[in-house]
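Asks: Coordinates for the following, if possible.
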Amino acid sequence: MARPVRILLVEDNQVFRDALELLLGMRADIDVVAAVADGSEALPAADAHEPDVVLMDYRLPGMDGVQATQALKQAHPEIGVVVLTASANSREIEELYAAGATACLTKDQELETIVDAIRQAAGAA
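Replies: Predicted structure coming up:
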């Protein structure tokens with residue numbers, strides 16, 4: 001089996017972040033290496049933990065998902081970014097893709113859909 005995909009979670013809702021960390025952490029093909037609650041913590045966490053993919057919320061304190069994705073992709077173009085958001089309008093989604101996100105999903109997606117997007121981002125980065 002290939003090595004697990006290393007994930008950094010960037011999510012300000014602690015309950016959702018903990019649930020994602022638990023659900024993803026139970027999978028053999030994913031290794032959650034870090035989780036942060038603030039967009040401005042995304043780049044330092046990526047520097048420290050070297051994830052393959054960042055699972056990024058859109059609405060975050062510090063920096064929003066667009067700003068954090070831009071900073072990440074500028075410093076680490078090899079890292080894939082999958083955005084998980086409760087809601088984003090079409091303009092916001094366009095901005096996320098323009099910033100370098102490989103996928104933009106809603107938080108109510110099935111776990112397998114999220115995992116598939118993570119796998120694709122790990123291969124596409």
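
Asks: and the residue positioned nearest the centre of the chain, what element?
Replies: The centroid of the chain falls nearest to L55 when counting by C-alpha atoms, centre = their mean (1.2 Å). Using DSSP states H and E, L55 sits within strand 53-56.

Asks: Need the residues that contact that strand.
Replies: Residues outside strand 53-56 that contact it (C-beta atoms under 8 Å, 6 or more residues apart in numbering): 5-11, 20, 42, 46, 65, 68-69, 72, 79-84, 101, 114, 118, 121-122, 125. For every residue, glycine as well, the C-beta is placed using N, CA and C.

Asks: Quick check: mean pLDDT of it?
Replies: For strand 53-56, the mean per-residue pLDDT is 96.

Asks: can you check stretch 18-26 too?
Replies: For stretch 18-26, the per-residue pLDDT averages 93.

Asks: Dump the C-alpha coordinates for that stretch into CSV.
Replies: This file holds the C-alpha atoms of stretch 18-26, laid out as CSV (Å, rounded to 0.1, in the frame of the first residue of the first chain):
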residue,chain,number,x,y,z
ASP,A,18,-12.4,17.4,15.9
ALA,A,19,-15.0,15.2,14.0
LEU,A,20,-13.1,15.5,10.8
GLU,A,21,-9.8,14.6,12.5
LEU,A,22,-11.4,11.6,14.1
LEU,A,23,-13.1,10.3,11.0
LEU,A,24,-10.1,10.9,8.7
GLY,A,25,-7.8,9.6,11.4
MET,A,26,-9.6,6.2,11.4
